[in-house]
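K.L.:
Got a sequence here, can you model it:
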Amino acid sequence: MKILITGAGGFVGQYLARELLKDPENKLILTDITVFSTPPSSIHPENAICIQADLVKEPQAVLIEKMDAVYVLHGIMSSGAEANLDLGLKVNVDATRHLLDCIRKKGWHTRFIYGSSIAVYGRPFPQKITEDVYPTPEGSYGSEKVICETLINDYTRRGYIDGFAIRLPGVIIRTGAPTQAASSFLSGIIREPLAGKKCVVPTKDRSKTFWVCSINDIVLNLVYILGLPSDVLPLHRRVLNAPGMVVTIQEMRDTLAKVAGQEMLDYIEEVEDTTFADLVQSWPCNFDVSLASGVGLSVRETFGQAVEEYVRSL
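P.N.:
Prediction:
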């Protein structure tokens, strides 16, 4: 298959590209706005082309041949989108819309897989959140995701693309430096102590729950959607809430101590951030993912297994 991945220099993009490059039949176009390279340890790196491009200004630059599938993973994360509305709209909405329009005008009817977010939901939360719950985002990032989901629904209904949007939980354990995501500390609470660095957790409430998923499960579900029959969802309702797991800050601390030693907890500093506290309350964690499970998406790793694998990777 010929597959385009946007945001390919990012964390999820790199893992997804590496997974897809296990298949010698896949030919990848990888694009990002910054300089990046093919993921290290890829089995077939010769099957990937890296293109640095601004999708707002030149989306056609990455559509150099007919694509069987497109993964849209680029974006300005939650805190960044909230701090700069214009930039968030440009990157999170305009770049995606321009890409959709290029594909529409070429008449490719491409499988279009969009990485959305649980940030589309806002309070008050029902007892269980399903895809039937109306999105009421409490931040610009979630609002921008809803806009793109709506476009994907409409373009699929019209027959321009064969689209799916998957609302991702918090992805763990992210490698590298902290990101602009407000949820960055969910990886930092494991990542930073293991690197001998301090992690500031912006709440002292260790019972607070979060909806997360390991990077391996995220990638395997994204790949699974590549072959999902188009008729599993109505043409005008193409959104799935990705399976995940609930974890508390206390459970994250306990897992870190169990896997790497009690002394790792000394690197964690908990502060009460009133601004952050309100943001945290807008993150749902009570999901019913029976629709996604019914079409074959799943969670295979526990939080402990995700941490153990991250430690092994170091």
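
K.L.:
and Gln127, what does it touch?
P.N.:
Gln127 is in contact with Asn286, counting by CB atoms under 8 Å, 6 or more residues apart in numbering. In short, each C-beta sits where N, CA and C put it, glycine included.

K.L.:
who's in contact with stretch 22-34?
P.N.:
Here stretch 22-34 has contacts from 1-10, 13, 17, 20-21, 36, 38, 43-44, 47-55, 62, 64, 67, 74, using CB under 8 Å, 6+ apart.

K.L.:
cool, stretch 282-296 as well?
P.N.:
118-119, 121-123, 125-131, 138-139, 166, 183, 209-211, 221, 224, 228, 232-233, 240-244, 246, 297.

K.L.:
again, but for stretch 96-106
P.N.:
Outside stretch 96-106, the residues that touch it by CB under 8 Å, 6+ apart are 6, 55-56, 59-60, 63, 66-67, 70, 72, 74, 110, 112, 114, 148, 151-152, 155, 160-161.

K.L.:
hmm, 10 Å instead?
P.N.:
Applying CB atoms under 10 Å, 6 or more residues apart in numbering, the contact partners of stretch 96-106 are 4, 6, 31, 54-63, 66-67, 70, 72, 74-75, 108-110, 112, 114, 144-145, 147-148, 151-152, 154-155, 158-161, 163.

K.L.:
what's the answer for stretch 195-205, then?
P.N.:
178, 182, 184-193, 208, 248-250, 252-253, 256, 264, 266-277, 279-280, 314.

K.L.:
Longest helix in the chain, by number of residues?
P.N.:
Using DSSP state H, we find that the single longest helix of the chain is helix 140-157.

K.L.:
What strands flank whichever helix or strand comes after that helix, and is each parallel or antiparallel?
P.N.:
Using DSSP states H and E, the helix or strand that follows helix 140-157 in sequence is strand 162-168. Strand 162-168 pairs in its sheet with strand 111-117 (parallel), strand 239-241 (parallel), by DSSP bridges.

K.L.:
Please convert the ones you listed to TSV, extending it with distance to Lys197 and mean neighbour count.
P.N.:
Formatted as TSV, those follow (distance: least, CB to CB, whole Å; neighbours: other CB atoms under 10 Å):
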stretch	distance to Lys197	mean neighbour count
strand 111-117	27	25
strand 239-241	33	24
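
K.L.:
Buried ones among the contacts of stretch 282-296?
P.N.:
For the contacts of stretch 282-296, a neighbour count by 16 or more other CB atoms under 10 Å gives the buried set as 118-119, 121-122, 125, 129, 131, 138-139, 166, 183, 209-211, 221, 228, 233, 240-244, 297.

K.L.:
What about these, which are in helices?
P.N.:
Asn221.

K.L.:
So which of the buried ones among the contacts of stretch 282-296 are in strands?
P.N.:
166, 209-211, 240-241 (DSSP state E).

K.L.:
if we take those residues, which one ends up nearest to Asp217?
P.N.:
Among these, Ile166 lies closest to Asp217 (CB to CB), at 11.8 Å.

K.L.:
Report the separation between that closest one and Cys148.
P.N.:
With distances taken as CB to CB, to the nearest Å, Ile166 is found 12 Å from Cys148.

K.L.:
Understood, closing this out.
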